[in-house]
Every structure is written in C-alpha cells, then in structure tokens.
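sequence unavailable; structure follows:
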C-alpha cells in the first residue's frame, strides 16, 4: 500500500476544504473526502482541525473579512464605516442563498454552528459599535452584544429560504428595516438605505462575490492564513 502524505500543511487543508465546501456543499463534504483529496490520514487532518466545524470557522473568518472589504469598496463615497455597506452585505448574502443551494447550505451552517455563530456575532458587534454609534451614543458594549444576538436571528431567518418564503425584495426590506430599528436608525435614513440597496443589482453582485472569494482563497498566502487563524482563535 502506498504511503499517504505526512507533510501536508494546514494551509493546504484549508484551501482544499474550502474548494470542496464551495463545489459540493459544506454538509456533503465529509472529513474523509478532504483527506482522500489530499491523500492524507484522518489524524493529519484532526491534528490541525479537530472537527469540520473548526475548518468552517476559518472559512467564516475569511468570508466575513472578504465581504466587509468588498462591500465597503462598493460604497466608498459613503465613508469608512458605512451603514449602506452593511445593508448591501445582507442583501447579497440573501441573493446567494436564493440562487445557490450550496451557498445557502454554507451560510445556514455558519449561523447554526455555535463556533461560527460566535465569530459572526463578534465580528458584527465590532462593526456595529462603529457604524451605529451616532444613533446609539449612550450604548455600552454589552448592549451592542445583546443587539447582535437579535440581529443574527433576523439574518438567519432572511437566509433560510423555503418554498413558502416571501419574495426576496420583501425579505430584504423587512430584515434591513428591523435591524436598523434595533440600533435606533431614524425612519427616513432606514428608507433611504433600503431604496439604495434595492436599486443595486445585488443578485449579480452576490454571484460575483462568491466567484471572487473562491479565487481569494486559492490565492491567499501563508501569512494571511496565519493572521486569520490567529483572529479565529482569539
């Protein structure tokens, strides 16, 4: 029997797992498939990542950063910490989930796993403290944390489409309006941001982001992975 590879790095594992997650689906990608693709033993995989959720955690950390930077570059005229960028991010995620069962499986899995949900909430709390501070000047960090618990629930419900879901435009409108209400954003501002989001082709943008993210993972160097792994473990 041929010997399996023993010098596979965690960076190769992340890249291979991400490719499989995005091609076959997170739920359909068993750890054994990752090992067989890399020609490594299960022990080699679990040495770096005890469970598949730990691999998903790295992917979610990268995706959060990638989406944030991409959305912000789309609305640079709105300022460094843009409310519009956050609204557009949820809209594109919703479009991805409606257009692709694989994308839906990935996002729903991320919001269902305690490990990755904590990453999402932590990342979004830090952003919210910057974006909404003008509307919540007296809020403490704990209030933002509590708010993000509600927000993540709204986001999950928006992404988790079924055969009986209302049209995507209504889901996006309702979700964004309720999220901004949580952070005391005035109605006039809420409606302005929602109109602007709906005027953008967020479906095409969602497909583009998914394709660009695949390429981003393939091109990511070891130093970037180290940074992301460090953030995911903090």
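Happy to help now that I have it. Model, not experiment: these values are computed from the prediction.

packing partners for the lengthiest helix in the chain?
Counting residues, the longest helix found in the chain (DSSP state H) is helix 52-74. Contact partners of helix 52-74 among helices and strands, from 3 or more CB pairs under 8 Å, 6 or more residues apart in numbering; DSSP states H and E: helix 10-24, helix 83-99, helix 101-112, helix 114-131, helix 202-219, helix 222-233. Where C-beta positions appear, they are placed from N, C-alpha and C, glycine not excepted.

what mean pLDDT does the fifth one have?
Helix 202-219 carries an average pLDDT of 85.

any idea how far it is from the chain center?
12 Å (CA atoms, centre = their mean, to the nearest Å).

do the same with the second one
For helix 83-99, the gap between its own C-alpha mean and the chain's C-alpha mean amounts to 10 Å (CA atoms, centre = their mean).

what angle sits between it and helix 202-219?
Taking axes from the mean of the first three to the mean of the last three CA atoms, to 10 degrees, one finds helix 83-99 and helix 202-219 inclined to each other by 90 degrees.

where does this protein dip in pLDDT?
The chain contains residues with pLDDT under 70 at 1-8, 74-81, 225, 227-234.

pick the most buried one from the helices and strands packed on helix 52-74.
Ranked by mean neighbour count, these are led by helix 83-99 with a mean of 23 (mean count of other CB atoms under 10 Å).

buried stuff in the longest helix of the chain?
52-68, 70-72, 74 (16 or more other CB atoms under 10 Å).

try stretch 25-35
By 16+ other CB under 10 Å, the buried positions in stretch 25-35 come out as 25, 26, 29, 34, 35.

what lies in contact with it?
The contact list for stretch 25-35 (CB atoms under 8 Å, 6 or more residues apart in numbering) reads 13, 16-17, 20-21, 24, 41-42, 44-46, 52, 55-56, 101-102, 105-106, 109.

hmm, residue 200 is touching residue 88, no?
Yes. Because the distance of 6.6 Å satisfies CB atoms under 8 Å, residue 200 is recorded as touching residue 88.

still on that earlier bit, using TSV, lay out the buried residues of stretch 25-35 together with secondary structure and distance to residue 140.
Below are those laid out as TSV (DSSP: H, G, I helix; E, B strand; the rest coil; distance: CB to CB, whole Å):
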residue	secondary structure	distance to residue 140
25	coil	40
26	coil	35
29	coil	41
34	helix	42
35	helix	46
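
if we only consider these, which is nearest to residue 141?
Distance to residue 141 across the buried residues of stretch 25-35 (CB to CB) is lowest for residue 26, with 31.4 Å.

distance of that closest one relative to residue 61?
15 Å (CB to CB, to the nearest Å).

next: residue 129.
In terms of CB to CB, residue 129 sits 19 Å off from residue 61.
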